[in-house]
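**Q** Below are the sequence and a predicted model; questions follow.
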Amino acid sequence: MPRIVKILIAAIVISSLTYLLGWSSVFTVKRVEFSGITNPNQISAVQNKVGKLTSTKLARIEPRQIARSISSLSWVAEAEVSRNWFSSSVTIAVKPREPIGAFAGRYIDSSGTVFDHVGAPVQVPELSAPSPEIGLSAAKLFASFPQEFRQSISSMSARSANDFSMIMGGQSRSLTLRFGDAQEIDLKIKVFKALIERPENKNISTVDVSAPHAPIVK
């Protein structure tokens, strides 16, 4: 076969594929599927962010660009977008942030990120502080606590970035824990647990472990 004929055939094939992928209605998005989220408000928020994808040419879908756009939503921890050429579908996988505390009408996850929660209401401890900066310090300290210890906190407050307190809730009693600064966290938690286990402390209302080597109970 002459070389010129081969070149013409290759050009025709490339042109046909270009038209088929980029312009023909054969490879257009017929369905958008969601993974990781089922709440209608979350799905709607993602749809509003990426716009209408159905009827869009699959070749013009940029998975990484769309995923970055979705990840810009404060409540999204991770996002991944993929195309399926056989089913003409786009799959959007979203991992929402999991709230562990509330601060100034917003939520915080275990990484210390403050975000707007979209979805069903979540029962989490309230964090309070005199400024957003101190509030973030409180949120980061709260996020650094072991999960078991976090779950026993009803609310947490901060007078300054070095003065944290919390209300510890329980089935039989609740008490105030003066935690002090964010230093020696493990030691302070260990001292607190040891103090409340003592029989003579069963009626106390306050534990101060801001100086963990010299704790105070009242």
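**A** That came through fine. From a predicted model like this one, the values you see are computed outputs, not experimental measurements. Numbers count the residues shown, from 1 in each chain.
**Q** going forward, measure contacts between C-alpha atoms and count neighbours the same way
**A** Will do.
**Q** Now Pro99: closest residue in space that isn't a chain neighbour?
**A** Closest residue to Pro99 apart from its sequence neighbours, by Cα to Cα, 6 or more residues apart in numbering: Asp109 at 4.7 Å.
**Q** List the contacts of that neighbour.
**A** Asp109 makes contact with Arg97, Glu98, Pro99, Ile100, Gly101, Ala143, according to Cα atoms under 8 Å, 6 or more residues apart in numbering.
**Q** Which one (most neighbours) among the residues you listed?
**A** Greatest neighbour count in these, by other Cα atoms under 10 Å, goes to Gly101: 26 neighbours.
**Q** Need the pLDDT of that one.
**A** In this model, Gly101 is scored at 84, pLDDT.
**Q** circling back to that earlier point, with secondary structure and distance to Ile134 added, can I get the contacts of Asp109 in JSON lines?
**A** Formatted as JSON lines, the contacts of Asp109 follow (DSSP: H, G, I helix; E, B strand; the rest coil; distance: Cα to Cα, whole Å):
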{"residue": "Arg97", "secondary structure": "coil", "distance to Ile134": "22"}
{"residue": "Glu98", "secondary structure": "coil", "distance to Ile134": "22"}
{"residue": "Pro99", "secondary structure": "coil", "distance to Ile134": "19"}
{"residue": "Ile100", "secondary structure": "coil", "distance to Ile134": "18"}
{"residue": "Gly101", "secondary structure": "strand", "distance to Ile134": "15"}
{"residue": "Ala143", "secondary structure": "helix", "distance to Ile134": "14"}
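**Q** picking that back up, any idea how far Glu126 is from the residue nearest to Pro99?
**A** 13 Å (Cα to Cα, to the nearest Å).
**Q** list the residues that contact both of the two?
**A** Counting by Cα under 8 Å, 6+ apart, the residues touching both Asp109 and Glu126 are Gly101.
**Q** And the most centrally placed residue in the chain, how far from Pro63?
**A** In the chain, the centroid-proximal residue (Cα atoms, centre = their mean) is Arg97; its distance is 1.8 Å. Using Cα to Cα, one obtains 21 Å as the distance from Arg97 to Pro63.
**Q** and what of Tyr107?
**A** Tyr107 is 28 Å from Pro63, where distance means Cα to Cα.
**Q** Which residue of the two possesses the greater neighbour count?
**A** Tyr107 (25 against 17).
**Q** Provide the contact partners of the stretch of helix or strand the more buried one belongs to at residue level.
**A** Here Tyr107 is covered by strand 106-108, with elements defined by DSSP states H and E. Counting by Cα under 8 Å, 6+ apart, strand 106-108 makes contact with Glu98, Pro99, Ile100, Gly101, Ala102, Val114, Phe115, Asp116, His117, Ala139, all of which sit outside it.
**Q** do stretch 84-100 as well
**A** 27-37, 58, 75-83, 107-110, 117, 122, 124-125, 143.
**Q** Inside helices: which ones of those?
**A** Ala143 (DSSP state H).
**Q** Can I have the buried ones of the contacts of stretch 84-100 as a ChimeraX selection?
**A** Buried subset of the contacts of stretch 84-100, written as a ChimeraX selection, criterion 16 or more other Cα atoms under 10 Å:
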select :27,28,29,30,37,58,75,76,77,78,79,80,81,82,83,107,108,109,110,117,124,125,143
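**Q** so how far is stretch 61-73 from its chain's centroid?
**A** Distance of stretch 61-73 from the chain centroid (Cα atoms, centre = their mean, to the nearest Å) equals 16 Å.
**Q** I appreciate the help and will end here.
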